[in-house]
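J.: I would like the atomic coordinates for the input below:
(chains A and B)
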Amino acid sequence: MSPAELQSKTAHPVLAIENLVTEIRSVRGLIRPVDGVSMSFPAGKIVGVVGESGSGKSMTAFSIMQLFPTSAARVAGGRVLLGETDLIGRSPEQMRAIRGSRIGMIFQDPTSFLNPVLTIGRQIEQQLEAHRWTGGPPAGDRGQSYANRVSELLTSVGLPRDVSTRYPHQLSGGQCQRVGIASALACDPDLIIADEPTTALDVTIQAQILRLMMRLQRERAVALMLITHDLGVVAEVCDYVYVMYAGRIVEEGDVRSLFAAPQHPYTRALMSGVLSLTGTGNIGFAVPGSVPDLAAPPSGCRFHPRCPHAMPRCSQEAPPLFDRPSGRSACWLHDEATP
Amino acid sequence: MNGPVRDFWLQFRRNRLGMVGLALVLLLAAVALLAPVLAPVDPFRTSRQALLPPMSPGFLLGSDHLGRDVLSGVIWGSRVSLLVGLAAAATATFIGIVVGAVSGFFGGWVDELVMRVSELFQIIPRFVLALIVVSFFGSGLSNLILVIGILSWPQTARIVRSQFLRHRALPYVDSARVLGMKPLRIMFAEILPNVLAPVIVVASLDIAQAILMEASLGFFGLGDPNLRSWGGMLNTAQGFVQRAWWMSVFPGIGISLAVLGFNLLGDGINEATDPRLREG
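T.: Numbers count the residues shown, from 1 in each chain, chains lettered A, B, ... in the order given. I've put the predicted structure just below:
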């Protein structure tokens, strides 16, 4: 890809979420794990989505794919724009054609996401077959072009070609994750969603996998959505970051400036947690209290019960995202009118 | 041989009874395939030398009341048994896989309906039903195969269903969905290869059951009249049990060994594929 092409591809977001609301019907009433979230994923950029478990970051990914772990969940509002088309309201058939082809996915536990009785090569071929992949040389028979594509993909993720004849149990966790990346790239997607791609791996392997993802994503100018609870990973690889809390975005911004000057009290608390836990890479959050119950979320700003700066207004009115030098932040502290 | 098949063979080889079963099955297959070469005479050829005991010249296992060679009958009869066994079990396995896969994968009312129908099949005594159907529609070879096959699908269906229920919630199936695969591809290209082991076990036991049922129908005079079969030989032997024991004993041994062979083979496969059943 020439620099000019790369430039034009990065101009527009390949995928944009606008005001997305996802609901789950439960015995305790309607839960909104994603509540009015807007995000944008430009080509060739890595966008991090961070938050504690239960913050809605994985649910946002499920909503993009429109595949939920429970049938009680559904997208209740907003838009998911892939290029010009809104994915919400697409038929199951149309969504199937998009999944695994225009949107790739990398999973947390690479070993369990591979079919134990099929060879690696067969599994990637299945995917190419399912999408009638036609990106190969126009002439020649299809089976051969699939096989060529598989070895090309395996080589590009740094695996020897003969891995295609192996079974998942014969590979290490890191190798399986490389296969996962190859599969995500198989049909030349516009966007890759990586949900905690390195959490299940050893620290040394984590770094390798992250470097590999960064390299491939740059080479191919793919947009990458990196879901993680690891701020170290975000600082290391992401270009832009969204911080989620209880189903909403509390802060977003360019990674460098956001890390230099976090605006939202929640983000600041997260950062101080990182600093106190000397860079082991994989840390638990050290914000006192816990994520609120989404069946009965706190009024106003959802962080106010845990916030050291909480004011009366915080429990009455939800703050909008205020423009800040580093990006945007949803906190009443930024409001001019606040005394 | 590739990975799983090789692993399976290494496990299976250590199972003595399973190997005995395999040997019996291979023996049966060899006899059936080589019947024209092995049989001394045409099994239908009658002679005046009726009811000769075993070891008579020209009649190694004796002759029946029409002077037909029992050995040739037993050898040719293996073809009928094996053919009916394999074809009926294949029919049952095919129906069972399709029905069980749909039922387990989609669940809901489809599952409910399929399970009730399979229970209906299971509570009706299979042999009596087969007897009625065959006497009604005729006892040609293809009829026998279809009837036995159609009556035997529920067990496979239930096993496939329970396996699909378990597998449809596993991460590799989620990943297939996320990769945009259609339900049919997920069912038959992704899940099915994972659940084949118990299906093969049941298929092997189905073959034994089908052989037994074909012989039983034959014993009641409902075998294919144009073929020499073990059941048919037992049927003709009924009137001569005291005078000519060899007419019933040798086809009986044939049936027993064939059924035993497939049962041992099935058990052996089961033990080799299910780690919980392995010794030590």
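
J.: Okay, buried residues for the helix or strand containing B:Gly18 please.
T.: Using DSSP states H and E, B:Gly18 sits within helix B:16-33. Across helix B:16-33, burial judged by 16 or more other Cβ atoms under 10 Å in any protein chain shown covers B:Gly18, B:Gly21, B:Leu22, B:Leu24, B:Val25, B:Leu28, B:Val31, B:Ala32. (C-beta placed from N, C-alpha, C; glycine too.)

J.: next structured bit after the lowest-mean-pLDDT helix or strand in chain A?
T.: Each helix and strand of chain A was given a mean pLDDT (mean pLDDT, DSSP states H and E); the minimum falls on helix A:3-11 at a mean of 50. Following helix A:3-11 in sequence order, the next helix or strand is strand A:13-26 (DSSP H and E).

J.: That next one: partners in the sheet, and parallel or antiparallel?
T.: strand A:29-42 (antiparallel), strand A:73-82 (antiparallel) (DSSP bridges).

J.: between the helix or strand bottoming out on mean pLDDT in chain B and helix B:16-33, how many degrees?
T.: Every helix and strand in chain B was compared by mean pLDDT, DSSP H and E; the lowest is helix B:3-13, with a mean of 83. Our comparison of helix B:3-13 with helix B:16-33, counting by axes from the mean of the first three to the mean of the last three Cα atoms, to 10 degrees, yields an angle of 100 degrees.

J.: Tell me which other helices or strands helix B:3-13 touches.
T.: Using 3 or more Cβ pairs under 8 Å, 6 or more residues apart in numbering or on different chains; DSSP states H and E, the elements in contact with helix B:3-13 are helix B:16-33, helix B:246-273.

J.: 10 Å instead, please
T.: Packed against helix B:3-13 by the contact rule (3 or more Cβ pairs under 10 Å, 6 or more residues apart in numbering or on different chains; DSSP states H and E) you find helix B:16-33, helix B:192-219, helix B:246-273.

J.: To chain A, which of the ones you listed lies closest?
T.: For chain A, the closest of these is helix B:192-219, at 4.6 Å, according to Cβ to the nearest Cβ.

J.: Now look at that closest one and say if it contacts chain A.
T.: Yes: under the criterion of Cβ under 10 Å from any Cβ of the partner chain, chain A is reached by helix B:192-219 at B:Leu192, B:Pro193, B:Asn194, B:Val195, B:Leu196, B:Ala197.

J.: Could you export the helix or strand containing A:Gln126 as PDB, CA atoms only?
T.: Taking DSSP H and E as the criterion, A:Gln126 maps to helix A:120-130. C-alpha atoms of helix A:120-130 as PDB (Å, rounded to 0.1, in the frame of the first residue of the first chain):
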ATOM      1  CA  ILE A 120      -5.200 -25.400  11.600                       C
ATOM      2  CA  GLY A 121      -5.200 -25.200   7.800                       C
ATOM      3  CA  ARG A 122      -8.700 -26.700   7.500                       C
ATOM      4  CA  GLN A 123     -10.100 -24.200  10.000                       C
ATOM      5  CA  ILE A 124      -8.800 -21.200   8.100                       C
ATOM      6  CA  GLU A 125     -10.000 -22.800   4.800                       C
ATOM      7  CA  GLN A 126     -13.400 -23.300   6.300                       C
ATOM      8  CA  GLN A 127     -13.600 -19.600   7.000                       C
ATOM      9  CA  LEU A 128     -12.400 -18.700   3.400                       C
ATOM     10  CA  GLU A 129     -15.000 -21.200   2.000                       C
ATOM     11  CA  ALA A 130     -17.800 -19.700   4.200                       C
END
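
J.: can you give me the helices for the stretch 201-339 of chain A?
T.: For the stretch 201-339 of chain A, the helices defined by DSSP state H, counting those that start in this stretch cover A:203-220, A:231-237, A:255-260, A:265-276.

J.: quick one: which of those helices is nearest chain B?
T.: Ranking these by distance to chain B, with Cβ to the nearest Cβ as the measure, places helix A:203-220 first at 17.2 Å.

J.: which parts of the closest one are buried?
T.: Neighbour counts over helix A:203-220 (16+ other Cβ under 10 Å) mark A:Ile205, A:Gln206, A:Gln208, A:Ile209, A:Leu210, A:Leu212, A:Met213, A:Met214, A:Leu216, A:Gln217, A:Arg220 as buried.

J.: For the most centrally placed residue in chain B, give me its contacts.
T.: In chain B, the centroid-proximal residue (Cα atoms, centre = their mean) is B:Ile207; its distance is 0.9 Å. B:Ile207 makes contact with B:25, B:81-82, B:84-90, B:92-93, B:152, B:258-259, B:261-263, B:265-266 under the criterion Cβ atoms under 10 Å, 6 or more residues apart in numbering or on different chains.

J.: likewise A:Ile98?
T.: Applying Cβ under 10 Å, 6+ apart, we find A:Ile98 in contact with A:Ile64, A:Met65, A:Gln66, A:Leu82, A:Thr85, A:Leu87, A:Arg90, A:His131, A:Pro189, A:Asp190, A:Leu191, B:Gly180.

J.: Make JSON lines from these and add distance to B:Val173 to it.
T.: As requested, the contacts of A:Ile98 are exported to JSON lines (distance: Cβ to Cβ, whole Å):
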{"residue": "A:Ile64", "distance to B:Val173": "20"}
{"residue": "A:Met65", "distance to B:Val173": "15"}
{"residue": "A:Gln66", "distance to B:Val173": "17"}
{"residue": "A:Leu82", "distance to B:Val173": "24"}
{"residue": "A:Thr85", "distance to B:Val173": "27"}
{"residue": "A:Leu87", "distance to B:Val173": "22"}
{"residue": "A:Arg90", "distance to B:Val173": "22"}
{"residue": "A:His131", "distance to B:Val173": "18"}
{"residue": "A:Pro189", "distance to B:Val173": "21"}
{"residue": "A:Asp190", "distance to B:Val173": "25"}
{"residue": "A:Leu191", "distance to B:Val173": "23"}
{"residue": "B:Gly180", "distance to B:Val173": "13"}
